[in-house]
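>>> what would the 3D arrangement of this be:
(2 chains)
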Amino acid sequence: MKNALVINNLYAQTIDGKEILRGVSLTIKIKEKHVLMGPNGGGKSTLAQVLMGHPGYVITKGTIFLDGVDITRISVDKKAKLGLFLGFQYPVEVPGVNFASFLRMAFQEKKSVSLKIFKQNMQKNAKQLGLREDMTERSLNEGFSGGEKKKAEILQMSILKPRYVVLDEPDSGLDVDALQYIAHQVESLNYSFGLLLITHYQRILKYLKPDFVHVLVKGKIVQTGNASLASLIEEKGYNFLFQK
Amino acid sequence: MQIKKQIVLNKSGEVLLPIIWFGKEKEIIYDIYLAEKGASIKVLGVFFGTGESTVDVKVNIYHNSPETTSHFLLKGVLEDSSSINFDGLVKIIKGAKGSIAWLGAYLLLLSNASKGRAVPSLEIAENDIKAGHATTIGKVNELELFYLMSRGIPYEKSKMLLVEGFLSSVVNQLSKGKQSAVKERIAEYANNFI
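Numbering: from 1, shown residues only, chains lettered A, B, ... in the order given. Prediction:
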């Protein structure tokens, strides 16, 4: 399917053989906002990591198609080049690698840009996120506070403009101000993309209105609904889903 | 090829000693004597092995006077079947009060066939000093690699970014001229496959 990220019956396990995803199917079209919720240990973060190609997991069954291209088993950098982006829950600190040079290098894999224009854009977006100016001159994620790391992920996204964005708990550990910055930046990006937002909390949904809400339990999506499903979960917890 | 040098510091003030290896020498030996009060040396080692290059490195630092300082930092990157065999000794004699010594050696193995060995030793006969050492020998961090690649940077380029990042803490302390020389050599190497 063109203009969609299609996950079909995806099974994945850790490299030491523990099965985590047990048949996930999900279609995210361009311009759609999907939210993935679910109890701890249900496989939310694993799904995000498996989609991107984390070395700690193996896909045992199922497929992932991006704009009609089978990306199930292609390399991580190729997935990114085709337009997949993962905003990490725990962004990796990379000592000695300068944030700005790294991001420009990533950008230039797709399009060349002068250093001056690139930096102007980056600084503008950094400012919109409420990031300190000197941050982009530091080592990648090294010594960043929790909030800075999350914002820096969104900054990378806003520069790389991927077609499909998976944000793995961008709201965990953030205060309300930071949350608003992030939600606002994601909402105000001036191009079309499909979003899969993984979250524990309903509070980010105050600022980011989803089209679909899915609940992942034990490696499978057990319920799909609209924004009201999130409110229901907030109110009653996940157990009500199983009481019917 | 061999480098064998003896350095005697007879006055106070810091001396910078870069040791840069890109596979040429087979043996590198330095004996460093901090002979006068307040003498201080900073040794910066950048090692980059490719092919079958191999080197034995022996550095002995003697704190023979009070308030002498040595700061030794070696970072080595080993590709293909290259190897480094490093022995570092810091000796602080009785009476060299107020001396400070730090010995750090860190090796990054880029291939399964490359080998690193790093053994630091401290021989200390004086109580009123500060001294420490650290060594690590490791491979490229898979999660760091995953993170860089997840932004669309291919494997080999990501690996070189990590190599540059790994070396940066020592390279950045070199003189400007030496810095660009080292960066050029690494870029030259990277161009072979990027």
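
>>> can you map out the strands along chain A?
Secondary structure of chain A (DSSP state E): strands at A:4-14, A:19-29, A:33-37, A:57-66, A:69-70, A:84-87, A:94-98, A:139-140, A:164-168, A:194-198, A:212-217, A:220-225.

>>> tell me which residue in chain A sits closest to chain B.
Residue nearest to chain B within chain A (C-beta to the nearest C-beta): A:Gly96, separated by 3.1 Å. Backbone N, C-alpha and C define where each C-beta goes, glycine included.

>>> still on that earlier bit, can you add mean pLDDT and mean neighbour count and give the strands of chain A back as a markdown table?
Shown next, in a markdown table, are these (pLDDT from 0 to 100; neighbours: other C-beta atoms under 10 Å in any protein chain shown):
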| stretch | mean pLDDT | mean neighbour count |
| --- | --- | --- |
| strand A:4-14 | 98 | 19 |
| strand A:19-29 | 97 | 18 |
| strand A:33-37 | 95 | 24 |
| strand A:57-66 | 98 | 17 |
| strand A:69-70 | 98 | 12 |
| strand A:84-87 | 98 | 24 |
| strand A:94-98 | 93 | 20 |
| strand A:139-140 | 94 | 22 |
| strand A:164-168 | 96 | 25 |
| strand A:194-198 | 96 | 24 |
| strand A:212-217 | 95 | 21 |
| strand A:220-225 | 95 | 16 |
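
>>> the residue nearest to B:Glu142 when sequence neighbours are not counted and A:Asp70, how far apart?
Once flanking residues are discounted, B:Glu142 sits nearest to A:Pro55: 5.0 Å by C-beta to C-beta, 6 or more residues apart in numbering or on different chains. Counting by C-beta to C-beta, to the nearest Å, the gap from A:Pro55 to A:Asp70 is 20 Å.

>>> what do you get for B:Asn172?
44 Å.

>>> got the contact list for residue 42?
Defaulting to chain A. A:Gly42 makes contact with A:216-219, according to C-beta atoms under 8 Å, 6 or more residues apart in numbering or on different chains.

>>> the chain in question should be chain B.
B:14-17, B:70-73, B:173.

>>> which of the residues you listed sits closest to chain A?
Lowest distance from chain A to the contacts of B:Lys42 (C-beta to the nearest C-beta) belongs to B:Gln173, with 12.3 Å.

>>> confidence score at that closest one?
pLDDT, B:Gln173: 96.

>>> A strand includes it, no?
No: judged by DSSP: H, G, I helix; E, B strand; the rest coil, B:Gln173 forms no part of a strand; its state is coil.

>>> can you name the residues bridging to the spatially closest residue to it that is not a sequence neighbour?
Nearest non-adjacent residue to B:Gln173, counting by C-beta to C-beta, 6+ apart: B:Leu44, 5.5 Å away. With DSSP bridges applied, B:Leu44 shows beta-bridge pairing to B:Pro18, B:Leu73.

>>> so B:Leu44 is in contact with B:Trp21, correct?
No: counting by C-beta atoms under 8 Å, B:Leu44 stays clear of B:Trp21, with 11.8 Å between them.

>>> who's more crowded, these two?
Set side by side, B:Leu44 and B:Trp21 show more neighbours around B:Leu44, with 22 against 19, by other C-beta atoms under 10 Å in any protein chain shown.

>>> count of neighbours near the nearest residue to A:Asn125 once chain neighbours are set aside?
Nearest non-adjacent residue to A:Asn125, counting by C-beta to C-beta, 6+ apart: A:Ser158, 4.7 Å away. By other C-beta under 10 Å, the residues close to A:Ser158 number 21.

>>> hang on, A:Asn98 packs against A:Ser139?
Yes: under the criterion of C-beta under 8 Å, A:Asn98 makes contact with A:Ser139 at 6.5 Å.

>>> shaky segments in chain B?
B:194 (pLDDT under 70).

>>> over to chain A?
A:244.

>>> okay, and the beta partners of residue 7?
Assuming you mean chain A. A:Leu26, A:Ile64.

>>> meant chain B actually
Beta-bridge partners, per DSSP bridges, of B:Ile7: B:Ile32.

>>> still on that earlier bit, quick one, what contacts the residue nearest to B:Gln173?
Counting by C-beta under 8 Å, 6+ apart, B:Leu44 has contacts B:16-19, B:73-74, B:170, B:173-174.

>>> next one: B:Pro18
Counting by C-beta under 8 Å, 6+ apart, the residues that B:Pro18 touches are B:43-46, B:174-175, B:178.

>>> state the distance from it to chain A.
As defined by C-beta to the nearest C-beta, to the nearest Å, B:Pro18 lies at a distance of 18 Å from chain A.

>>> and B:Leu110, by the same measure?
16 Å.

>>> so that residue sits against B:Val140, correct?
Yes: here B:Leu110 lies in contact with B:Val140, judged by C-beta under 8 Å, at a distance of 6.4 Å.

>>> who has more neighbours, those two?
B:Leu110 (20 against 16).

>>> count of neighbours near the nearest residue to that one once chain neighbours are set aside?
Leaving aside its sequence neighbours, B:Leu110 sits nearest to B:Glu79 (C-beta to C-beta, 6+ apart; 4.5 Å). Using other C-beta under 10 Å, B:Glu79 has 20 other residues around it.
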